[in-house]
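1. build the 3D model from these lines:
(2 chains)
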Amino acid sequence: MIETDILIIGAGPTGLFAVFEAGLLKLKCHLIDALPQVGGQCSEIYPKKPIYDIPGFPEVLAGDLVTNLMAQIKPFQPGFTLGERAQTIEKLQDGSFIVTTNKGTKHHAPIVAIAGGLGSFEPRKPLIENLAKFEDKGIAYIIKDPEVYRNKSVVIAGGGDSALDWSIFLADVAEEVTLVHRRNEFRGALDSVEKVQQLKNEGRINLVTPAEIVGLQGEDKLEAVVIKKTGATTDTILEVDNFIPLFGLSPKLGPIGDWGLEIERNAIKVDNTLDYQTNIPGIYAIGDVNTYPGKLKLILCGFHEATLMCQSAYQKIFPDKKYVMKYTTVGGVQGFDGSKKEAPKAVVKAID
Amino acid sequence: MDIKIKITDREGVTHEVDAPTDMNMNLMEIVRSYELAPEGTIGICGGMAMCASCQCYVQSAHALPEKSDDEDAMLAEAFNVEENSRLGCQIHITEDLDGLEVTLAPED
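-> Numbers count the residues shown, from 1 in each chain, chains lettered A, B, ... in the order given. Modelled structure (predicted):
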């Protein structure tokens, strides 16, 4: 059981900044995210895109913003459960919560802050008949252990970075790699595209474009895929052990939608007059995942919401303590790791 | 100035809406402003041509701006793509589009 003060669901910019504000109040945080890396949409969808409306940053790349946030919260030693989706929540008699992930990891905290953005990212599945029948029986949307594909015959579909990168990686592992894409053009990093070209020339990747996988064959497990080449009159059947469709990820609110929270238009309703608490006391929702009159889905608004949430969480955890807000310029930042940052002291000295 | 656009939603209901040409808006934003698709199901990436949640089929014969490489690549990875598919976020509202007719693609 992982114990913490504030359990944050979602490690995007809002969730990460909440760690900082909580840290100033000496509250510990642990974050859960369905993605294997921190940063949420900033890392997953647009790491290389500039953002122009972060106060004090005329321009910052989304990926750099995440790197900076991680540096800012490092002194407060947040814990992370990555690559797991928050699945169920249980309220205990003392008012605290146990949140369990889809992999069974349990987290216990008096406060839960949902900073889930648009939801957890789930793989986008192609529209092919019988797809579900072969899931985990030859079809996987996420590559967890590349060794599974050793000496296997693998077909990958998709035209983005992950399709390119995994084709390159598996060319060294699998017996045979076929990459199928609807266009002749790929959208990815230049070196990945060039590397696939080189592997194709060497005969180590079979490239089938423009084409699409339109059918699946097999008894108990996947045995072959049906490939339709654009313009061809007959389909080709390719015998394979594995099919990996890599069409990106799309966010779904998912299990959080079943936690008894008041939901309006795919977002969680909160009290914006006070502290961004939901209809369940002790559960807050901050950032893009919440809604209230006048809500704007902006990172800068998420930062503000995270700050007020932490103040309210502090009062809930320590109902008898009176907290007086202190500027970081005055109080500095005292990390849980013993580090200390503070403004250099001015000297008082006469000048002769 | 406002133009008229006919948008058929995912339930098959057609709405004729006024779209301003002077507010730097795109078709995805028009759909959101009239709430013709539930929040969280359209414009997920915010209009960067990095998801296909605003895909629509263009039914009228209007001359639309050419697809950018980004839009073209995104549509190559999207589902339910037809010859007349476009990403709503890449269609800027201009006076030339008066009378445009589009149908929203299914959610994937």
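
2. residue A:16 - nearest residue in space that isn't next to it in sequence?
-> residue A:69 (4.2 Å; Cβ to Cβ, 6 or more residues apart in numbering or on different chains). (C-beta placed from N, C-alpha, C; glycine too.)

3. just after whichever strand or helix holds that neighbour, pick out the following helix or strand.
-> Taking DSSP states H and E as the definition, one finds residue A:69 inside helix A:62-73. The helix or strand immediately downstream of helix A:62-73 is strand A:79-82, counting by DSSP H and E.

4. only alpha carbons, please: show that following strand as PDB.
-> Extracted in PDB, the C-alpha atoms of strand A:79-82 (Å, rounded to 0.1, in the frame of the first residue of the first chain):
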ATOM      1  CA  GLY A  79       6.100   9.300  -5.900                       C
ATOM      2  CA  PHE A  80       4.800   8.000  -9.200                       C
ATOM      3  CA  THR A  81       2.700   5.000 -10.400                       C
ATOM      4  CA  LEU A  82       3.100   5.300 -14.200                       C
END
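
5. how distant is the helix or strand following it from the center of its chain?
-> Note on strand A:79-82: by DSSP H and E, the next helix or strand toward the C-terminus is strand A:86-91. Distance, stretch centre to chain centre, for strand A:86-91: 18 Å (Cα atoms, centre = their mean, to the nearest Å).

6. again with stretch A:79-98
-> On the basis of Cα atoms, centre = their mean, stretch A:79-98 sits 17 Å off its chain's mean C-alpha point.

7. so for that stretch, mean pLDDT?
-> Average pLDDT, stretch A:79-98: 96.

8. check contacts around the residue of chain B found nearest chain A.
-> Residue of chain B nearest chain A, by Cβ to the nearest Cβ: residue B:40 (3.1 Å). For residue B:40, the contacting residues are A:118-119, A:251, A:253, A:265-267, by Cβ atoms under 8 Å, 6 or more residues apart in numbering or on different chains.

9. which two among these are spaced furthest apart?
-> Within the contacts of residue B:40, A:251 and A:265 form the most distant pair, 14.5 Å apart (Cβ to Cβ).

10. so which of those two has more stuff around it?
-> residue A:251 (25 against 12; other Cβ atoms under 10 Å in any protein chain shown).

11. work out for me the element the more buried one sits within.
-> strand A:249-252.

12. ok, the helix or strand following that strand: who's next to it in the sheet?
-> Using DSSP H and E, the helix or strand that follows strand A:249-252 in sequence is strand A:263-264. Using DSSP bridges, strand A:263-264 pairs in its sheet with strand A:267-269 (antiparallel).

13. for chain A, what helix or strand is lowest in average pLDDT?
-> Least confident helix or strand of chain A, by mean pLDDT, DSSP states H and E, is strand A:249-252 with a mean of 83.

14. ok, residues contacting that one?
-> Applying Cβ under 8 Å, 6+ apart, the set of residues contacting strand A:249-252 is A:35, A:41, A:44, A:117-124, B:40, B:44, B:51, B:53, B:108.

15. for whichever residue of chain A sits closest to chain B, which non-adjacent residue is closest in space?
-> Nearest residue of chain A to chain B (Cβ to the nearest Cβ) works out as residue A:266 at 3.1 Å. Once flanking residues are discounted, residue A:266 sits nearest to residue B:40: 3.1 Å by Cβ to Cβ, 6+ apart.

16. pLDDT value on that neighbour, please?
-> Residue B:40 is given a pLDDT of 83.

17. next, it: phi, psi?
-> Residue B:40 adopts backbone torsions of phi 90, psi -10, taken as degrees, to the nearest 10.

18. the residue of chain A closest to chain B and residue B:41 touch, don't they?
-> Yes: Residue A:266 is within contact range of residue B:41, at 7.1 Å (criterion: Cβ atoms under 8 Å).

19. do a quick rundown of the strands in chain B.
-> Assigned by DSSP state E, the strands in chain B fall at B:2-8, B:14-20, B:55-58, B:85-87, B:100-104.

20. tell me the buried residues in the fourth one?
-> Along strand B:85-87, these residues count as buried under the neighbour rule (16 or more other Cβ atoms under 10 Å in any protein chain shown): B:85-87.

21. what's the distance between residue A:265 and residue A:194?
-> Using Cβ to Cβ, to the nearest Å, residue A:265 is found at 44 Å from residue A:194.

22. scratch that, residue A:84
-> Taking Cβ to Cβ, one finds residue A:84 at 35 Å from residue A:194.
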